[in-house]
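J.: need a structure here:
(one chain, ligands or ions: 1)
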Amino acid sequence: MTAAGSSLRSRSWFNNPANPDMTALYLERYLNYGLSIEEMQSDRPIIGIAQSGSDLVPCNRHHLVLAERVKEGIRDAGGIPIEFPTHPLQETGKRPTAGLDRNLAYISLVEVLYGYPLDGVVLTIGCDKTTPSALMAAATVNIPAIALSVGPMLNGWHEGERTGAGTIVWKARQMLAKGELDYAGFLKLVASGSPSTGYCNTMGTATTMNSLAEALGMSLPGSAAIPAPYRDRQECAWETGRAIVEMVKADRKPSDILTREAFLNAIRVNSAIGGSTNAPIHLNAIARHIGVELTLEDWETTGADVPLLVNLQPAGEYLGEDYYRAGGVPAVMGELSKAGLIDGAVLTANGRTVAENLVGVRIHDDKVIRPIDRPLKEAAGLTVLSGNLFEGAVMKLSVISDEFRGRYLSDPANPDAFEGNVVVFDGPEDYHHRIDEPDLGIDENSILVIRGAGPVGYPGGAEVVNMRPPAALIRAGVHALPCIGDGRQSGTSGSPSILNASPEAAVGGGLALLRTGDRVRIDLKARSANMLVDEAELDRRRADLAAVEDTITPESQTPWQEIQRDLVGQFATGAVIESAVKYQRIAQIKGLPRDSH
Ligand SMILES: CC[C@@](C)(O)[C@@H](O)C(=O)O
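T.: All right, here's what the predicted structure looks like:
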């Protein structure tokens with residue numbers, strides 16, 4: 001299939017004299033959209049705008065407004081915009097979990113980017129999974145692509161104090177348990193954390209992933225932190241539209257940007273911002289789809305020792321507007337590069353290197369972004385644990401509170417280890433049902449475990465590992481117990497849980513063998529997590545696994561639940577559709593798709 005006089009892939013649809021009937025058929029329907037034959041047969045690139053905002057996705061809904069400025073930017077730079085919807089991915093709306101839909105949105109976007117006449121794409125990102133699903137698809141198809149963040153909400157306030165989206169839920173939940181709030185007061189306090197359009201103003205998964213998209217070089221420098229309602233966000237939308245047209249002309253593709261060095265930069269940025277424990281799942285997934293070697297171990301070796309610089313909730317005090325005013329991602333990367341922690345040679349979407357983008361960058365408020373020589377915490381990244389409970393799980397070091405450290409990590413002989421008897425819950429229903437039962441005997445030495453919450457078990461991998469202690473313990477001053485699980489945790493949570501355990505219980509991981517009353521030992525220095533149960537007993541339990549199978553893998557409720565369960569991998573390796581990984585750079589390797597008629 002050849003297009004007349006153009007290297008643009010869209011011209012094989014719109015200007016293919018070798019196949020005039022198909023050319024006419026493709027052209028006439030886009031004439032109905034309002035485009036002219038002249039435009040479609042010109043040398044002007046057709047740019048998709050992958051619209052992730054909708055009434056179902058309020059976090060990204062402002063993209064409906066921003067897209068108009070993106071279109072103007074595309075037109076001003078000589079391109080032709082075509083907006084289309086993506087599968088809705090609202091973290092707080094989708095049951096059983098948006099984790100189930102990330103791969104569905106990915107698969108769907110791959111088909112759209114590959115199968116329609118698009119030369120480049122603006123990926124509108126925001127709420128947690130909208131970022132990875134879009135970047136994963138852009139990686140697979142590998143046409144020029146740039147991400148545009150919708151931006152965080154304005155800061156939340158309640159009685160003169162900052163209230164952060166998500167983070168306030170966990171605090172308010174404790175106040176409700178203590179009887180300090182009634183139900184109506186609880187709902188009001190939580191709502192105060194989300195005062196405007198945009199995604200969580202805390203360093204939850206959304207701010208994390210949008211920051212990391214910028215750190216990877218996939219969006220314009222300085223763009224991630226701009227709050228959604230600010231006028232700067234509109235300007236950024238217009239600039240992004242202009243940038244993608246230039247990217248198509250330069251043929252700058254995700255594979256030119258998403259190198260291993262770019263991922264290692266992003267891992268270090270994740271530590272410095274106090275980023276979400278969901279980040280390894282998503283970054284590892286993007287890396288797999290672009291064909292870059294990235295393992296869970298890389299998060300330990302590259303990120304664990306990096307200090308915390310950003311003072312945002314849940315690890316710190318401030319919120320999104322403060323992050324933007326203090327300098328956002330460029331200020332963080334500027335500090336990290338002073339310590340040699342950023343590879344400045346990495347290419348970014350605007351055609352410049354990271355080092356070039358960082359020229360003249362500085363912190364504007366060092367209470368919010370700390371200089372590298374005065375961090376909030378040293379060695380504040382994610383640590384990766386393993387043992388007979390799982391092969392890999394992550395723990396966020398930046399959120400280990402003084403209360404937690406004092407209670408669990410204060411033995412002078414062994415300051416990095418703690419032991420406790422576990423109480424095992426099979427899914428969140430079981431947990432909610434039983435957590436306040438006095439007979440469970442939960443005290444400050446207990447460890448709470450939840451299983452059946454992973455990519456296969458839930459299915460999709462739900463944010464249910466952050467479990468509050470029983471109300472009676474909270475009233476006695478114990479605000480957090482150690483939690484372990486094969487599910488995820490909200491990035492807005494300040495709980496130092498052990499998360500994303502792989503392999504999960506549902507595929508026979510160690511957690512499936514654990515029983516209430518067992519003793520578990522966590523050693524952060526040795527990076528180990530083990531149940532202190534002898535091998536013979538574990539063998540007996542292995543033979544008896546069928547007893548827990550139904551509770552950790554409930555029946556699928558939808559076709560996609562069943563399909564994903566059959567195809568998905570574990571969190572440690574990105575929880576991707578395994579059979580999709582071999583499809584890389586398909587716009588180049590597979591050439592063009594066949595004609596439709
Ligand atoms: C409730 C907060 C969310 C929706 O952002 C959460 O998914 C996160 O990980 O940050």
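J.: now do residue 8 against residue 118, distance only.
T.: As judged by CB to CB, to the nearest Å, residue 8 and residue 118 stand 10 Å apart. Every C-beta, even on glycine, is put in place using the N, C-alpha and C of the backbone.
J.: report the closest residue of the stretch 101-250 of the chain relative to the ligand.
T.: Per CB to the nearest ligand atom, residue 204 is where the stretch 101-250 of the chain lies closest to the ligand, at 2.6 Å.
J.: how much space separates that residue from residue 393?
T.: 20 Å.
J.: any stretches of the stretch 301-450 of the chain with poor pLDDT?
T.: Along the stretch 301-450 of the chain, no part satisfies pLDDT under 70.
J.: who touches both of residue 8 and residue 118?
T.: residue 46 (CB atoms under 8 Å, 6 or more residues apart in numbering).
J.: the two: which is more packed in?
T.: residue 118 (27 against 22; other CB atoms under 10 Å).
J.: hmm, residue 46 and the more buried one touching each other?
T.: Yes. Using CB atoms under 8 Å, residue 118 makes contact with residue 46 at a distance of 5.8 Å.
J.: need the residues touching each of those two.
T.: 10, 82.
J.: and for residue 152, the neighbour number?
T.: Residue 152 has 35 nearby residues by other CB under 10 Å.
J.: how about the residues of the protein by the ligand?
T.: Counting by CB under 6 Å from any ligand atom, the residues of the chain lying close to the ligand are 91-92, 128, 166, 200, 204-206, 276, 278, 463, 490-492.
J.: can those residues go into CSV with extra columns for distance to residue 252?
T.: Shown next, in CSV, are the residues of the chain next to the ligand (distance: CB to CB, whole Å):
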residue, distance to residue 252
91, 31
92, 35
128, 27
166, 35
200, 31
204, 30
205, 28
206, 26
276, 28
278, 28
463, 35
490, 35
491, 30
492, 34
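J.: just checking, which of those belong to helices?
T.: 205, 206 (DSSP state H).
J.: just put the residues of the chain next to the ligand in CSV and tack on pLDDT, distance to residue 343 and neighbour count.
T.: Shown next, in CSV, are these (pLDDT from 0 to 100; distance: CB to CB, whole Å; neighbours: other CB atoms under 10 Å):
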residue, pLDDT, distance to residue 343, neighbour count
91, 97, 31, 25
92, 96, 35, 17
128, 98, 26, 32
166, 94, 32, 26
200, 98, 29, 32
204, 97, 27, 29
205, 97, 25, 30
206, 98, 26, 35
276, 96, 23, 32
278, 98, 24, 28
463, 96, 32, 27
490, 93, 30, 26
491, 91, 25, 27
492, 90, 30, 27
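J.: what does stretch 529-544 contact?
T.: 385-390, 393, 419, 422, 484, 498, 510, 513-515, 518-523.
J.: how close does residue 135 sit to residue 402?
T.: Distance from residue 135 to residue 402, by CB to CB: 36 Å.
J.: out of those two, which sits in the more crowded spot?
T.: residue 135 (30 against 7).
J.: do you know how far the residue nearest to that one when sequence neighbours are not counted is from the ligand?
T.: In space, residue 135 comes closest to residue 286 once its chain neighbours are excluded; the distance is 4.8 Å by CB to CB, 6 or more residues apart in numbering. Using CB to the nearest ligand atom, to the nearest Å, residue 286 is found at 17 Å from the ligand.
J.: so who does residue 286 touch?
T.: The neighbourhood of residue 286, defined by CB under 8 Å, 6+ apart, consists of 132, 135, 136, 139, 216, 258, 263, 574.
J.: please redo it, this time with the cut-off set to 10 Å
T.: 106, 131-140, 209, 212-213, 216, 218, 254, 258, 263, 266, 292, 294, 574, 576 (CB atoms under 10 Å, 6 or more residues apart in numbering).
J.: and it, what element?
T.: Assigned by DSSP states H and E, residue 286 belongs to helix 279-290.
J.: residue 189 too?
T.: Going by DSSP H and E, residue 189 is in helix 183-192.
J.: buried set for that helix?
T.: The neighbour-count check on helix 183-192 (16 or more other CB atoms under 10 Å) flags 186, 189, 190, 192 as buried.
J.: same check on stretch 66-82?
T.: Buried, per 16+ other CB under 10 Å, within stretch 66-82: 66-75, 77, 79-82.
J.: domains in the chain, as residue ranges please.
T.: Segmentation of the chain into domains, based on the TED database, reads 44-155+195-358, 159-193, 382-547.
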